[in-house]
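Chemist: what would the 3D arrangement of this be:
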Amino acid sequence: MTGSLIRAPRFMIADHPLPWLLPLIVILVVFALYPFFYNIFLSFHEFAPRKRELVPVGFDNWVQLFGDPRMWNAFSVTLLYTGICLVIQVVLGMAIALLIDSDDPGFGFLRGVLTLTLVIPPAIAGMMFLLMQDAQFGIITWT
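Modeler: Numbers count the residues shown, from 1 in each chain. The predicted structure follows:
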């Protein structure tokens, strides 16, 4: 008698993504979305220290903010700084990527050196934590 194997249904991640995404969604809501919307709520209020309450002021805070020349100066400096840094990072990143991709002699050594600069800092940080947790002379004692 020939027959096909009957398999029990498996719980596939692709079939049921919500249980796997739920912790991320909860963390995102608690630590990102709630503070964001609470700060927007606070921007329409003023704190009265004597009464210890929030006094609604409407758009007064926003009018004062957009009317302040220091805010526009800070905004323009931030945009300029971001633009300059973005251009520098893209150009340097592309140049380094092209150097690493080269098969010319000596570039294998360059690849090794660049890889070491990525590997050494986390290794040193791990060793420092091991030393800090040492039972005899570490700064963090477990006893």
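Chemist: domain map for this protein?
Modeler: 11-67, 69-100, 102-143 (automatic domain parsing).
Chemist: dump these to a markdown table, plus distance to residue 5.
Modeler: The C-beta positions use only the backbone N, C-alpha and C, and glycine is treated the same way. A markdown table is the format used below for those (distance: least, C-beta to C-beta, whole Å):
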| stretch | distance to residue 5 |
| --- | --- |
| domain 11-67 | 18 |
| domain 69-100 | 49 |
| domain 102-143 | 47 |
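Chemist: in this structure, which spans are strands?
Modeler: All strands of the chain, identified by DSSP state E, fall at 45-48, 53-56.
Chemist: any stretches of the chain with poor pLDDT?
Modeler: Residue ranges of the chain with pLDDT under 70: 1-4, 7-13, 141-143.
Chemist: longest helix of it?
Modeler: helix 69-101 (DSSP state H).
Chemist: what is that one packed up against?
Modeler: helix 107-132 (3 or more C-beta pairs under 8 Å, 6 or more residues apart in numbering; DSSP states H and E).
Chemist: report the angle between the helix it packs on and helix 69-101.
Modeler: On the basis of axes from the mean of the first three to the mean of the last three C-alpha atoms, to 10 degrees, helix 107-132 is oriented at 120 degrees to helix 69-101.
Chemist: list the helices and strands helix 107-132 packs on?
Modeler: helix 69-101.
Chemist: in the helix it packs on, what counts as buried?
Modeler: For helix 69-101, a neighbour-count test (16 or more other C-beta atoms under 10 Å) marks nothing as buried.
Chemist: how far does that helix sit from its chain's centre?
Modeler: 18 Å (C-alpha atoms, centre = their mean, to the nearest Å).
Chemist: for stretch 127-138, same thing?
Modeler: The chain centroid and the centroid of stretch 127-138 are separated by 28 Å under C-alpha atoms, centre = their mean.
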